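**Student:** 3D model of this:
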Amino acid sequence: MVFRIFLLLGLFGICVSSLQATSKPNIILIFCDDLGYGDLGAYGSEVNRTPRIDGLASEGMQFSEFYSSSPVCTPSRASLLTGSYARRVDMHEDFTGHWVLIPRSRRGLNHDELTIAEAVKTKGYTTACIGKWHLGDQPEHLPTEHGFDSYYGIPYSNDMQQARRGDPPLPLVHGDKVIEAPADQSTLTKRYTEEAIRFIEANRDQPFFLYLPHTFPHLPLFASPAFKDKSANGRYGDSVEEIDWSTGEILDCLDRLNLAENTIVIFTSDNGSNGRNGGSNAPLAGNKGTTMEGGMRVPMIIRWSGKIPAGSSCSELTTTMDFLPTFCAITGAKGPSLPIDGYDIQPLIYGTENASTPYEVFYYYRRRQLQAVRSGDWKYHLELGETHLNWTTPVPLSEGRPAKLVNLSSDLQETTDLSSQYPDVLKKMKRLAAEAVDRYGNDGVEGSEQRESYTLTFSTPMILEE
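**Tutor:** Got it, this is the predicted structure:
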C-alpha cells in the first residue's frame, strides 16, 4: 500500500513536471542582419541553398507580411526587444546624426524598458544573447545589463572599425570583456553556433531563451572555409548558406536532446537587404535604409510542434514588436508597465479561424522621419522634401519626392499613385499620419508618447585586455 502511494505520488510528480515544462516552452529567436525578403528558398530564392530554413517553414508557419519597425540596425533591434517603435523609446538614431549607434556612442537602450529577456527571467528562464548586439557598447548597456545571463558576440556592426573615426579594432566580447580584437569574422557564424549549442545543452533541463542575432549577411561578407566560395551567389550566398547550416545544427541539437516539441524556433531578419553583392528583396521594391517594402518587410518563420500548424502560412500584417507581448502571454510573464506598440499574436500563429492583424495602422519611420503609413492594403508615402545625410550636417542626400497613395495588394513595386481615384482613403491616411506625428514625433518634433533617452558621455573604446 505504501509502495503504491509512493508510486502514485511519483507519477503525479512526473505529470506536474511535464505540465510545467509544456507551459514554459524554450524560445530560440534567430535574427539575421540585412537578410532580404527574397534570400531564402522558401521565399523564392533560386541562388541561395537554404534547405534547413526551408524545412523549418514546412514544419511551421511562414509569414508573408511581417515587418521590422525600421530599415536599419539599431532601431530595429530596440523594437524587437522592447515591443515598441524606436521613436517611442528614443533609439531611432545616434546623437551625432548617424542612423545607428557607432562605437562609443553616448547612448544605449534605456534601462526603464522591459526587454524580452527581463520578462521571461521572472518565469525562471535562463537567457543568452549570442551575436551582434548594437544597442550600446559601453558596459552599462551590454546585454548582461538588459536581462541576459550571458553574452558572446560583437557589440555593433562588423563594418564599424574605421580608424579615421577613432573606432577600435572590431571586438569579440564574452560577458563584458573583449576576448579578441580584431574579431576573426570568417569564423563568427561557426563560433556563434558552437556557443548556442553549448548553451542549449547546459540548460536542457530548464526553460531557456536564446537570442541569436547573426552578424551576416551584413557587409563586409565572410564565411568559414567550409562555406567560402561554395555557393552560386558569391560571398553573399556563402554567408547565407552558412547561416542555413547553423540553423540546421541548432535544430539537430534540439532533436538530439528531445527538446524540439517544447521549443519555439523563430527565424527572421532585422531589415531588408541592401541589394548589393547578391542580396534580394524580390518581389518587393526598395532596399535596406528605405521605407519601401523591400526595406522593412522581411522573412519570418515560426515553428512550435503541436501548437503551430505545420506547413501553414500567414498573410496578416505582423511585426517584430509582437514578440515581447506574445512571449509574455505564452510564458505567463508580466508585460511592460510602460505603453508599447506590439500585440499578442497567438491567434495568428495558432491558425485560429478568422484571426486577423491587430494593426489598424503601421508606421514606416526612417531615422527621425515618418515617411509612410499603412492601413489594410493601402500605403501612403508622405511628401518628402530634400533629405540629408544627417541632421547636424545638412548635406543633400536626395531631392525628395511627392506624396503617393498605393495599394500593395496589386502594386508591390509601389509605382501607381491612386490619390485622385480614392480621395476618402487619402484623407484617412493623412489623418493616420498626423496621429503618428502627434504620438511619436517627426523630423525634430517630439511626440507626446516619446520617452526620454538614456545618455552617457563618450567613453573609452572597447579594447582587448592583455
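**Student:** so where's the chain uncertain?
**Tutor:** 1-23, 93-99, 386-399, 453-466 (pLDDT under 70).
**Student:** Show me how it divides into domains.
**Tutor:** 26-349, 362-446 (automatic domain parsing).
**Student:** how about the ones you listed, which one is nearest S356?
**Tutor:** domain 26-349 (5.8 Å; Cβ to Cβ). All C-beta spots, glycine's among them, are computed from the backbone N, C-alpha and C.
**Student:** quick one: the helices in the stretch 301-450 of the chain?
**Tutor:** Applying DSSP state H, counting those that start in this stretch to the stretch 301-450 of the chain gives helices spanning 323-331, 346-349, 423-440.
**Student:** would CSV of these with mean neighbour count be doable?
**Tutor:** Listed next are the helices of the stretch 301-450 of the chain as CSV, based on neighbours: other Cβ atoms under 10 Å:
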stretch, mean neighbour count
helix 323-331, 23
helix 346-349, 20
helix 423-440, 16
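**Student:** re the thing from before, switch the domains of the chain over to a markdown table; also include distance to S356.
**Tutor:** Formatted as a markdown table, the domains of the chain follow (distance: least, Cβ to Cβ, whole Å):
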| stretch | distance to S356 |
| --- | --- |
| domain 26-349 | 6 |
| domain 362-446 | 10 |
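**Student:** which of the ones you listed sits most buried?
**Tutor:** Of the domains of the chain, the one with the most neighbours on average (mean count of other Cβ atoms under 10 Å) is domain 26-349, at a mean of 21.
**Student:** And S420, how far from L412?
**Tutor:** Going from S420 to L412 by Cβ to Cβ, to the nearest Å gives 21 Å.
**Student:** Repeat that for T74.
**Tutor:** 27 Å.
**Student:** returning to what we had before: between the helices of the stretch 301-450 of the chain, which gets nearest to L382?
**Tutor:** When the helices of the stretch 301-450 of the chain are compared (using Cβ to Cβ), the closest one is helix 423-440, at 5.9 Å.
**Student:** what does that closest one contact?
**Tutor:** If you take Cβ atoms under 8 Å, 6 or more residues apart in numbering as the criterion, helix 423-440 is touched by 85, 87-88, 361, 363, 365, 370, 373, 375, 378, 380, 382, 405, 418-419, 442, 445, 447-450.
**Student:** Report the central residue of this protein.
**Tutor:** D270 (4.2 Å; Cα atoms, centre = their mean).
**Student:** Report the separation between N271 and W245.
**Tutor:** Taking Cβ to Cβ, one finds N271 at 23 Å from W245.
**Student:** I misspoke; the intended subject was D377.
**Tutor:** D377 is 37 Å from W245, where distance means Cβ to Cβ.
**Student:** With L426 instead?
**Tutor:** Applying Cβ to Cβ to L426 and W245 gives a distance of 48 Å.
**Student:** which helices and strands sit right next to the helix or strand hosting V178?
**Tutor:** V178 belongs to strand 177-180 when assigned by DSSP states H and E. Packing contacts for strand 177-180, counted by 3 or more Cβ pairs under 8 Å, 6 or more residues apart in numbering; DSSP states H and E, involve strand 172-174.
**Student:** Pretty sure P207 sits against T126.
**Tutor:** Yes: at 7.4 Å, P207 and T126 qualify as touching, with contact defined as Cβ atoms under 8 Å.
**Student:** Are there residues contacting both of the two? Which ones?
**Tutor:** Common contact partners of P207 and T126 (Cβ under 8 Å, 6+ apart): none.
**Student:** Please name the residues that touch the residue nearest to E242 when sequence neighbours are not counted.
**Tutor:** Among residues not flanking E242 along the chain, F227 sits closest, at 4.2 Å (Cβ to Cβ, 6 or more residues apart in numbering). F227 is in contact with 238-239, 241-242, 245, counting by Cβ under 8 Å, 6+ apart.
**Student:** export these to CSV and tack on distance to A223 and secondary structure?
**Tutor:** Below are the contacts of F227 laid out as CSV (distance: Cβ to Cβ, whole Å; DSSP: H, G, I helix; E, B strand; the rest coil):
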residue, distance to A223, secondary structure
D238, 4, helix
S239, 5, helix
E241, 8, helix
E242, 5, helix
W245, 10, helix
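**Student:** For those, give me JSON lines that also has distance to V120.
**Tutor:** Listed next are the contacts of F227 as JSON lines, based on distance: Cβ to Cβ, whole Å:
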{"residue": "D238", "distance to V120": "34"}
{"residue": "S239", "distance to V120": "30"}
{"residue": "E241", "distance to V120": "31"}
{"residue": "E242", "distance to V120": "29"}
{"residue": "W245", "distance to V120": "28"}
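**Student:** What's opposite N26 in the beta bridge?
**Tutor:** T263 (DSSP bridges).
**Student:** What are the contacting residues of stretch 298-308?
**Tutor:** Against stretch 298-308 from outside (Cβ under 8 Å, 6+ apart): 25, 35-37, 39-40, 42-43, 53, 56-57, 59-63, 66-68, 260-261, 263-272, 318, 349-351.
**Student:** show me where the stretch 251-400 of the chain has strands.
**Tutor:** 263-269, 297-303, 312-314, 318-319, 362-366, 369-375, 378-381, 387-388, 396-398 (DSSP state E, counting those that start in this stretch).
**Student:** okay if I get those as CSV plus distance to D149?
**Tutor:** CSV is the format used below for the strands of the stretch 251-400 of the chain (distance: least, Cβ to Cβ, whole Å):
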stretch, distance to D149
strand 263-269, 18
strand 297-303, 24
strand 312-314, 32
strand 318-319, 27
strand 362-366, 32
strand 369-375, 37
strand 378-381, 41
strand 387-388, 41
strand 396-398, 41
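**Student:** Run through the residues that contact the residue nearest to P336 when sequence neighbours are not counted.
**Tutor:** Leaving aside its sequence neighbours, P336 sits nearest to L114 (Cβ to Cβ, 6+ apart; 4.2 Å). Going by Cβ under 8 Å, 6+ apart, L114 touches 82, 324, 335-338.
**Student:** Distance to S150 for those residues - can I get that in JSON lines?
**Tutor:** Listed next are the contacts of L114 as JSON lines, based on distance: Cβ to Cβ, whole Å:
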{"residue": "T82", "distance to S150": "20"}
{"residue": "L324", "distance to S150": "20"}
{"residue": "G335", "distance to S150": "24"}
{"residue": "P336", "distance to S150": "23"}
{"residue": "S337", "distance to S150": "26"}
{"residue": "L338", "distance to S150": "26"}
